[in-house]
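K.L.:
Fold the following for me, if possible:
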Amino acid sequence: MPTVADLPVEPIEHEKFYIWDMSDWDGDLDTFEQINEAWMELHSEPEKVGTISVLPDHVVADGELQDFISGGWTEAAEGAELEYCAIVADGLHGLAIEQSFDASWVTVDTFQETEEAVSWLEKEL
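P.N.:
Here you go, the predicted model:
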């Protein structure tokens, strides 16, 4: 399995959450699955209860990608005991991802800018 350094993602650590900047990800499902595995590894720390996923504007969550978000993200969130998830994506794209993420115990919100998501999550925590 590739390390986080080998993937098109930059996890930025905060006290209770990570920001996952995937702006350089090209939309490849196999790569996204590897990013998800790296996410699960870093989020295994019990004090990390939130995540912010920053998605590229050029990637559309439909088909297999949408199915993976529904299953893979839900499984990862449950395994990590995630409580909060912020999705930073362009307009309807963010809403589509939010609706695909099927984890009723997680408080989810979408944002246009990373700074807005960080402010929201810091208030929640």
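K.L.:
Pretty sure Q34 sits against P8.
P.N.:
No: judged on CB atoms under 8 Å, Q34 makes no contact with P8 at a distance of 9.7 Å. Quick note: C-beta positions are derived from backbone N, CA and C, even for glycine.
K.L.:
Show me what the one residue sitting closest to the centre of the chain bridges to in the sheet.
P.N.:
Centroid check for the chain by CA atoms, centre = their mean gives S53 as the closest residue, at 3.4 Å. Legend: beta-bridge partners of S53 under DSSP bridges are W20, I87.
K.L.:
doesn't S23 make contact with it?
P.N.:
No: checked against CB under 8 Å, the pair S53 and S23 is beyond contact range at 10.8 Å.
K.L.:
Please point out which parts of the helix or strand bottoming out on mean pLDDT in the chain sit buried.
P.N.:
Least confident helix or strand, the chain: helix 91-100 with a mean of 78, by mean pLDDT, DSSP states H and E. Using 16 or more other CB atoms under 10 Å as the test for burial, helix 91-100 gives 93-94, 96-98, 100.
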